[in-house]
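Engineer: sharing a model prediction with you, sequence too.
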Amino acid sequence: MRFKERALVCMLICSPAYLHAGEFLATKNENPLLRALYLPLPADMGSADGAALSMSLSVANTINAEPRETESLFVDGEATTLRLAFDAPLAPRWRYRLTLPLIHDSGGRLDSLIDRWHGWFGLPRGQRPGSSHNQLRYSYSGESAVNVNASQTGLGDASAELGWYLLDDTSRSVSVWGGLEAPTGKASALTGDGAWDAGLWVHAVLGGARWQLGGEAGVLRPFGDDVFAGAARRTAMFGRAAATWRANADWSLRLQLDAQSARLKNTQLRFLGPSLQMSAGVEYRLNRCWSAQLGFSEDAAVNTAPDVTFFFGLRNVSTAH
């Protein structure tokens, strides 16, 4: 092995920033009917990392129609979500994170592109052929009545999370996280559920010179629900797994799977039931403190998540400990 290659391997193994900063992609299931219910983004910083300021921008576009005897929904629109987050060490082995989302719903401009996207890759086109492009309509009838058909912008539910690191070194990490989501959004706009929500999950990472594996699994619980008239007040499970391959010191490729159980009681609708989403993206280290992500997500189980979500993330990690 040449000197430059040995130096690169040593840097990847020994630098805590390379292990912890960027274990997951900055994306999750952006289902517009379920986004008011708490589902945290991955917690992917180490206990020894400095304070981090991050921004993630997602654009989720979907068309879905499900008529049933007792329930029905029609979802056609594009949601752009900007999340600002700050996380930092609180004490040895402890870390906290604060997140505030800003959500914009509209008919969007990506319908034609996504229809062609699905054609290029041989993916199901669903209701897109023959549907009107660039319209906004989120509707549901069953346990309650939901109807959003005008463009809107507003704050979503803010969240605060606290993590304790059981194990954290240059090759592995195990931490336990708890979070609360506050009712700062509006149930009528589907940006909040009108109640406090909570979550508890375990985060684990195994790192090497070129490969890194990450996983999270936990439970979610809303303490109220103004969107589905209380039908969402049930304990749900969620999990995610990611694999990262580092091409060199600056570029990384990442694949991720996100899953969750049904958030509503007794629903027969696939779009409101258990979900499975697949994401792929790249991460680029701009310099020692800044990194950027770019990628997309697809509903790995058809019609259980938005058709396509494009996302971009930017993060600054302080070098001061």
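Structural biologist: The structure has been received and is ready for your questions. Model, not experiment: these values are computed from the prediction. Numbering: from 1, shown residues only.

Engineer: every contact and neighbour count from this point should use C-alpha atoms.
Structural biologist: OK.

Engineer: could you pull out the helices for the stretch 1-150 of the chain?
Structural biologist: In the stretch 1-150 of the chain, the segments counted as helices under DSSP state H, counting those that start in this stretch are 3-14, 16-20, 111-120.

Engineer: average model confidence for the first one?
Structural biologist: Translated: helix 3-14. The average pLDDT within helix 3-14 is 41.

Engineer: same question for stretch 23-42.
Structural biologist: Mean pLDDT, stretch 23-42: 96.

Engineer: how far off centre is it?
Structural biologist: Relative to the mean C-alpha coordinate of its chain, stretch 23-42 is positioned 3 Å out (CA atoms, centre = their mean, to the nearest Å).

Engineer: any buried residues in it, and which?
Structural biologist: 23-40, 42 (16 or more other CA atoms under 10 Å).

Engineer: what do you get for stretch 307-321?
Structural biologist: So, applying 16+ other CA under 10 Å, buried residues of stretch 307-321: 307, 308, 309, 310, 311, 312, 313, 314, 315, 316, 317.

Engineer: partner residues bridging the closest residue to residue 81 other than its chain neighbours?
Structural biologist: Distances taken as CA to CA, 6 or more residues apart in numbering put residue 103 closest to residue 81, at 4.5 Å, once the chain neighbours are dropped. Applying DSSP bridges to residue 103 yields these beta-bridge partners: residue 81, residue 154.

Engineer: ok, residue 103 to residue 60 distance?
Structural biologist: Using CA to CA, to the nearest Å, residue 103 is found at 11 Å from residue 60.

Engineer: can you give me the end-to-end span of stretch 139-156?
Structural biologist: Separation of the first and last residues of stretch 139-156 by CA to CA is 19 Å.

Engineer: how far off centre is that stretch?
Structural biologist: Put simply, stretch 139-156 sits 21 Å off its chain's centre (CA atoms, centre = their mean).

Engineer: burial count for the closest residue to residue 182 other than its chain neighbours?
Structural biologist: Counting by CA to CA, 6+ apart, residue 182 lies nearest to residue 196, which is 5.0 Å off, once chain neighbours are set aside. Applying other CA atoms under 10 Å, we find 20 residues neighbouring residue 196.

Engineer: residue 196 and residue 24, how far apart?
Structural biologist: Distance of residue 196 to residue 24, given as CA to CA: 26 Å.

Engineer: circling back: which one of the buried residues of stretch 307-321 is nearest to residue 91?
Structural biologist: Ranked by distance to residue 91 (CA to CA), those are led by residue 317 at 17.2 Å.

Engineer: return the per-residue confidence for the nearest residue to that closest one once chain neighbours are set aside.
Structural biologist: Using CA to CA, 6+ apart and skipping the chain neighbours, the partner closest in space to residue 317 is residue 52 (4.3 Å). We have a pLDDT of 94 for residue 52.
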